[in-house]
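>>> Just to be clear, the model below is a prediction. Sequence and coordinates:
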4 protein chains.
Amino acid sequence: MTHVSGRHFLQIPGPSPVPDRVLRAMSAQVIDHRSPEFADLGLKSLLAIKTIFKTEQDVIIYPSSGTGAWEAALANALQEGDRVLMYETGHFATLWKKMAEKLGIQAEFIVGDWRSGADPDQIEQRLRADTAHEIKAICVVHNETSTGSVSPIADVRRALDAAGHPALLMVDTISGLGSVDFRFDEWGVDVAVSGSQKGLMLPPGISFNAVSKKALQASKAGGMRRSYWDWQDMVDINAKGYFPYTPATNMLYGMVEAIEMMHEEGLETIFNRHQRHAAATRAAVRAWGLEVLCNHQGHESGVLTAVLMPEGHSADKFRAEALRHYNISLGSGLSKVADKVFRIGHLGDINDLTLIGALSGVEMGLSKAGVPHERGGVAVAMQYLHDTPAPGIDA
Amino acid sequence: MTHVSGRHFLQIPGPSPVPDRVLRAMSAQVIDHRSPEFADLGLKSLLAIKTIFKTEQDVIIYPSSGTGAWEAALANALQEGDRVLMYETGHFATLWKKMAEKLGIQAEFIVGDWRSGADPDQIEQRLRADTAHEIKAICVVHNETSTGSVSPIADVRRALDAAGHPALLMVDTISGLGSVDFRFDEWGVDVAVSGSQKGLMLPPGISFNAVSKKALQASKAGGMRRSYWDWQDMVDINAKGYFPYTPATNMLYGMVEAIEMMHEEGLETIFNRHQRHAAATRAAVRAWGLEVLCNHQGHESGVLTAVLMPEGHSADKFRAEALRHYNISLGSGLSKVADKVFRIGHLGDINDLTLIGALSGVEMGLSKAGVPHERGGVAVAMQYLHDTPAPGIDA
Amino acid sequence: MTHVSGRHFLQIPGPSPVPDRVLRAMSAQVIDHRSPEFADLGLKSLLAIKTIFKTEQDVIIYPSSGTGAWEAALANALQEGDRVLMYETGHFATLWKKMAEKLGIQAEFIVGDWRSGADPDQIEQRLRADTAHEIKAICVVHNETSTGSVSPIADVRRALDAAGHPALLMVDTISGLGSVDFRFDEWGVDVAVSGSQKGLMLPPGISFNAVSKKALQASKAGGMRRSYWDWQDMVDINAKGYFPYTPATNMLYGMVEAIEMMHEEGLETIFNRHQRHAAATRAAVRAWGLEVLCNHQGHESGVLTAVLMPEGHSADKFRAEALRHYNISLGSGLSKVADKVFRIGHLGDINDLTLIGALSGVEMGLSKAGVPHERGGVAVAMQYLHDTPAPGIDA
Amino acid sequence: MTHVSGRHFLQIPGPSPVPDRVLRAMSAQVIDHRSPEFADLGLKSLLAIKTIFKTEQDVIIYPSSGTGAWEAALANALQEGDRVLMYETGHFATLWKKMAEKLGIQAEFIVGDWRSGADPDQIEQRLRADTAHEIKAICVVHNETSTGSVSPIADVRRALDAAGHPALLMVDTISGLGSVDFRFDEWGVDVAVSGSQKGLMLPPGISFNAVSKKALQASKAGGMRRSYWDWQDMVDINAKGYFPYTPATNMLYGMVEAIEMMHEEGLETIFNRHQRHAAATRAAVRAWGLEVLCNHQGHESGVLTAVLMPEGHSADKFRAEALRHYNISLGSGLSKVADKVFRIGHLGDINDLTLIGALSGVEMGLSKAGVPHERGGVAVAMQYLHDTPAPGIDA
């Protein structure tokens, strides 16, 4: 082994840094998943995760990556041949579409430019045109991790209602949940997909489906051939705190602890913190003379900020230099924007000084990599943080 | 919280107790799954797990329970409508069959009495009858966790060969791998399914498919509609140490450590240890005047011993008393043998004194629960352990 | 590294096994020892430890071994040339006497045979003879770790009172505290010495002095030249939760957690558990045809049982065999009884099944080492445990 | 509990942040301190710590704070009534003098202004005047933690030699060891005192005396009445890897790991890193228009930087505001400079981005507390770090 002094700055848009307190909770010995003690843990876990989705309906916990939860959503709520409307917010929306197609779904894209969240008006327009109600679901990414844009889910709901369309509203909030406001019940979402390694401050390994009564009904009436992902099998046995197959027990230990920490801080405080850090980051980016990928005001993500490289400069070369010199991981550009953007994660268990440290790594790294930019982004971010009250800390 | 003094005796047939060293390895901070550092971890993980399957072909690591790896095996290697031959070794063989049926496969059972492993002769006979080669795969459980019987996989291979049948040989070694000898390449297995929480001494959360070239070829040519479980997506990107979606990084930390520990002890030593503990346990059971569920000599499992309750006595009531008085978890009887058997796990990170402690919990628990039995099982087990050399310890 | 399967049985009379929950608490990041957060920890720690000594007077926490706390007791309460009366209960009483002499104290021994605790009558007799009150303190070991005998401290107090003697009562309860009943205030002890690695279930590293008002007064009026061990410096700044020099912060994390666990279990339950395990152990020893070192009824320790080897057999050779074959650490005989006794620790975080595992290691180890003995000790211990209700567990 | 998001910035001059890897090593189960396994650990520990002191002579490891190791040094090497020469570098030199006086030593101070390390010329002059060689030892603080000044120990050695004076050279390198170059053998130091919680990156709890043959000889011939601190008792039994009383086993686990990490990074790289971070910090301080307490060029500490507050402003009020707003702990001014200086620790396991984060906490905190200063310190520090190669990282 080799040791490089100091803590790595993990500033990718997930996995986000896992707090020591969560890692400690996870390092408890595993228990019998059929014991009374486990039932307590199971019930506690299910109750806890519902407070984060803000739902009183069902939440399913899978031992899987978020990608598995995408598949679960599609496999339960839809059937081969079904038509769905998706919105091209970026790379992850595109991946979800490819998955749907692999599973035999006819997925139609509302094309986007990867610089904003979904446009509810376009969705409404398309749904109004679907007078035969052939579209069974509309799938939107809440926080597009590849671009740093947030889709206005409440408005998408209103678009469905305005169009009087019965399609299910399915939302990927893998990187949004726990960092950006999300209200499953209030917003009338039917299926929400999420994962552990972002706003929940856990390692990757478990994922979620929040499921409305309507969606559960749809799954009973249809869905694809499925076993591992079946909602009903889960819901039935979850009632007693158990799972239909061996759950990822130690992840549940961590999740219960992480959600307790989130409520100690306060969900509103958390959301405000993310917005405040995102604003400081954007201020730094502009001071560097660089461009934020998201160019739709109001859609900028609290979770991450994607930054466009100056023409002719490689984002990946820059990231490698930043990593080598300053021990910081930044997110890469994905597919269409590969090597053209880098992404600064500012989600999960971070604070002002960590953000400034990270931004200084970007600023010094740009220089090390010979990327043309103005100095002073860090100073601007400090000014912003100093001047903007931090809920939960400042009086 | 309440504290009950002393260490819980987790003597179920998995999850098995996770060594502190593994828990510590898992409590390291998560890293960027697209970083060069991760690639090292990924390659190391894949190399390590192959040594346990004893294969130089591909092993896929899923963030999922073992149940997910069952589904992966079926979804990649088979198609809806395919016919497979399965062997009713017990509850888990039955569950796998139900899953196959849910996924649209025509699964045919060779009926068993839950008291032995698979009979290669019956398999050979059935395959010989299938002159049209309609059977696409034969599915066998290596170590049936519900009964404590082991199927002779090498002999099953010989049965296929003797019958000249081209079916794929698919083996569930979820609870066998790392505890009972298993040789993927040498035995000509085509797909092996396993999980983390048994012989690998990890918490539940990752699972495996070992895949032969023939099986991989079959999956390319067919398989079901699939995305999360797709072998080829995995194999392609695994070559560089990465995964197609976010892997369960901290589980990989633990797996690398656990496999290093296994090689420190030696795989042969591990297998012998399990046999020795199983023999001591059976000796105790007989001394109690009780019956071991597995009644086929040579099929007794090194992983667990299922014990039949005397007529009219509840296994679950006994287990509850043992838990309450002696802080020991024993495995329950499942489905057909529910409440009629209890199971003593003796797999993973245990040793002679832990086994004796566990058996004393059973012996005293039987008495507390008013179950008729002879005293002295513990004494007999001690005699056995004392008299039988422990490879790796005794000269 | 090499890995030997299973958990080591640490059955020495301290350090006792540290519960995982305590190890996790200790693995939290260190904090600023002058911060407000630390003051909370400091006050909490001091309050907690007082509940274990059962005192409302002062308890001092030293970053040191228990040996340091011996020195602290002597250096604060006594002066060079002072005369003290000590009682030869065994090796540790002898070591404390040697220390006193090194520090210039005239230490007088009431000679003992290492097979019982202190005899209050002899103490009373000696004190009555000291009409000039030249004896400044009487020093007694509460639980003599080298022999497994407990001194009746309340009776020693009564002896002092009966003799009308003003000497300070100083008690070493390093291995007794938290395992065997101890009541600092009620019993009128003036200085009690203890350490972390026994009944408190912590690693070694901190030690304690409980100090009566009378002792504190004596230290103000005199004591030896001292700095690190000075009580008054501690007491002054402890009032605000701080320490005069850098405290062992992570040990305090562990101590607060351990004491919380102890109160969850209940002190009375803990004491009863130790007595019950000690009685089971003695029953086993007798069944083996061996002799318990402590031969004074009522003085047998709940913490450990020292066992005499048959003439001509080496205790150390036996211990080495037990360690090699069964991965169990047993305590050695010390000084005068070196190689003649071995000691079985049954203190701290253990339970019935661990005790039986340990006793089976002794029984099988005796055989491996060729030590003549009767079989059946484990069976007798099981019978005892089965028949004797376990407070806190059995109805 | 309450949770405040993100990692606390522990920027005091010790305890320094403990790396996760060390905390994990420390969380292993305790072992029998008289076992063969322990002997390996003991020998490994003693060998390891010698590489840090750069000595082949003896190093003693105490379960105690650094303050205890001060006392050990005095109690072994000196006698009541002995005269020693000490140098007033700051608060800790003063505390050491007070301790010496408490122990009956006649301690003479060379007065200093707390703004530099020791002046070898003054020492030489005073020693030359001591023609009777009444001075038995000269005591110097290597890195004065209260002021951020380093004494030139090699030059102090030369002063002794030039004066032809036989006094022992005793050095407190509690906060220097492992951060600032120190060479016990090469510099002819006789007794060096250190602790775990600074450059060694461990929690507080163990401390050290490095002891020259000459000092060991002096202790045999004399020294104070002592027991716990006795060098010879330690040296005798350390030869076999054991200790005369229960050692702080888990701290040794951590120490072995920490020293392995230090050698992985390289001692020279570590020292250079500290100098580089100190220089960046001083650059920031000057840019803020504030004054560094150490005003002697070449004596500035790599471990910490003490900063003078502008007249009329409270350092403690500033520190409280920085803590409240930015979750950063800064060191307070001690005794004579209480409330007049604050101290920025930059020792142990930190890196460039952590330092920038910390400095931004200072800069924003100064503003929150209404302390007059220039902006731009962080920018200047970034410039310095960017322009100055980091050994071990930059090509």
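Nice, I can see it. Keep in mind it's a predicted model, so treat the numbers as computed, not measured.

>>> list the buried ones in stretch A:121-137?
Buried residues in stretch A:121-137, defined by neighbour count with 16 or more other Cβ atoms under 10 Å in any protein chain shown: A:123-124, A:126-127, A:130, A:135-137. Where you see a C-beta, it was placed from the backbone N, CA and C, and this is true even at glycine.

>>> Go ahead and confirm A:Met99 touches A:Ala73.
No. The pair A:Met99 / A:Ala73 is not scored as a contact, 9.9 Å apart, by Cβ atoms under 8 Å.

>>> between those two, which one's more packed in?
A:Ala73 (32 against 19; other Cβ atoms under 10 Å in any protein chain shown).

>>> need the contact list for that one.
Counting by Cβ atoms under 8 Å, 6 or more residues apart in numbering or on different chains, A:Ala73 touches A:170, A:191, A:193, A:209.

>>> can you check A:Asn351 too?
Here A:Asn351 is in contact with D:4-7, D:326-327 (Cβ under 8 Å, 6+ apart).

>>> I'd like to know which of those are buried.
Here, 16+ other Cβ under 10 Å leaves D:5-7, D:326-327 buried among these.

>>> Please give the element, helix or strand, for the residue nearest to A:Ile123 when sequence neighbours are not counted.
Once flanking residues are discounted, A:Ile123 sits nearest to A:Ala159: 4.7 Å by Cβ to Cβ, 6 or more residues apart in numbering or on different chains. Using DSSP states H and E, the element containing A:Ala159 is helix A:153-163.

>>> from the stretch 251-395 of chain A, which residue is nearest to chain D?
A:Asn351 (2.8 Å; Cβ to the nearest Cβ).

>>> do you know how far that residue is from C:Val180?
47 Å (Cβ to Cβ, to the nearest Å).

>>> what pLDDT, on average, does stretch A:166-179 get?
The pLDDT scores in stretch A:166-179 average 98.

>>> Apologies, that question was intended for stretch A:208-222.
Over the span of stretch A:208-222, the pLDDT mean works out to 97.

>>> Now do the buried residues in it.
A:208-212, A:214-216, A:218-219.

>>> so does that stretch get close to chain B?
No. On the criterion Cβ under 8 Å from any Cβ of the partner chain, stretch A:208-222 is out of touch with chain B, staying 13.3 Å away.

>>> Report the beta-bridge partners for the residue nearest to A:Pro13 when sequence neighbours are not counted.
Counting by Cβ to Cβ, 6+ apart, A:Pro13 lies nearest to A:Leu304, which is 3.7 Å off, once chain neighbours are set aside. Counting by DSSP bridges, A:Leu304 is bridged to A:Gly345.

>>> Hmm, A:Val341 and A:Leu304 touching each other?
No. The criterion here is Cβ under 8 Å, and A:Leu304 misses it with A:Val341 at 10.6 Å.

>>> For the two, indicate the residue with more neighbours.
Higher neighbour count among A:Leu304 and A:Val341: A:Leu304, with 34 against 25, using other Cβ under 10 Å.

>>> rewinding a little: wait, what's in contact with the residue nearest to A:Pro13?
Here A:Leu304 is in contact with A:13, A:145, A:148, A:175, A:331, A:343-347 (Cβ under 8 Å, 6+ apart).

>>> where do the strands sit along the stretch 1-150 of chain A?
Ranges of strands within the stretch 1-150 of chain A are A:9-11, A:58-63, A:83-87, A:106-110, A:135-141, A:143-144, A:149-150, based on DSSP state E, counting those that start in this stretch.

>>> for these, which one ends up most surrounded?
strand A:143-144 (a mean of 34; mean count of other Cβ atoms under 10 Å in any protein chain shown).

>>> what are the pairing partners of that strand, and which direction each?
strand A:149-150 (antiparallel).

>>> tell me the mean pLDDT over the strand it pairs with?
Rounded mean pLDDT across strand A:149-150 is 98.

>>> any idea how far it is from the chain center?
Centroid displacement of strand A:149-150 relative to its chain, using Cα atoms, centre = their mean, to the nearest Å, is 10 Å.

>>> next one: stretch A:357-370
Counting by Cα atoms, centre = their mean, stretch A:357-370 comes out at 26 Å from the chain centroid.

>>> thinking again about what came up before, export the contacts of A:Asn351 to TSV and tack on pLDDT and distance to A:Glu260?
Output for the contacts of A:Asn351, formatted as TSV (pLDDT from 0 to 100; distance: Cβ to Cβ, whole Å):
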residue	pLDDT	distance to A:Glu260
D:Val4	90	14
D:Ser5	95	14
D:Gly6	97	17
D:Arg7	97	18
D:Tyr326	98	24
D:Asn327	97	19
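
>>> For chain A, state which of these is nearest.
Of all the contacts of A:Asn351, the one with the least separation from chain A (Cβ to the nearest Cβ) is D:Gly6, at 2.8 Å.

>>> Buried residues, stretch A:302-318. List them.
For stretch A:302-318, by 16+ other Cβ under 10 Å, it's A:302-309, A:313-315, A:318.

>>> out of those residues, which are inside helices?
Per DSSP state H, helices hold the following members of these: A:315, A:318.

>>> Please produce TSV containing the buried residues of stretch A:302-318, extended by distance to B:Ala93 and pLDDT.
As requested, these are exported to TSV (distance: Cβ to Cβ, whole Å; pLDDT from 0 to 100):
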residue	distance to B:Ala93	pLDDT
A:Gly302	49	98
A:Val303	45	98
A:Leu304	47	98
A:Thr305	52	98
A:Ala306	50	98
A:Val307	54	98
A:Leu308	56	98
A:Met309	56	98
A:His313	59	98
A:Ser314	54	98
A:Ala315	52	98
A:Phe318	55	98
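
>>> Name the nearest residue to A:Thr55, ignoring sequence neighbours.
Per Cβ to Cβ, 6+ apart, closest to A:Thr55 is A:Phe184, 3.9 Å.

>>> How about A:Ser301?
With sequence-adjacent residues excluded and distances taken as Cβ to Cβ, 6+ apart, A:Ser301 is closest to A:Gly148, at 4.2 Å.

>>> Quick check, that neighbour in contact with A:His296.
No. Counting by Cβ under 8 Å, A:Gly148 does not reach A:His296; the two are 10.7 Å apart.

>>> Among the two, which residue is more densely surrounded?
Using other Cβ under 10 Å, the more surrounded residue of A:Gly148 and A:His296 is A:Gly148, with 34 against 13.

>>> measure that one to chain C for me?
Distance of A:Gly148 to chain C, given as Cβ to the nearest Cβ, to the nearest Å: 31 Å.

>>> Can you name the residues that contact A:Ser16?
Counting by Cβ under 8 Å, 6+ apart, A:Ser16 has contacts A:10, A:197-199, A:201, A:345, A:347-350.

>>> D:Gly164: which of the residues you listed is nearest?
A:Leu10 (58.5 Å; Cβ to Cβ).

>>> So that closest one is in contact with B:Asp32, correct?
Yes. Shown here, A:Leu10 and B:Asp32 form a contact pair, counting by Cβ under 8 Å, at 6.4 Å.

>>> Return every residue with contacts to both of the two.
A:Ser329.

>>> Chain C contacts on chain A?
Taking Cβ under 8 Å from any Cβ as the contact definition, chain A meets chain C at A:20-21, A:24-25, A:27-29.
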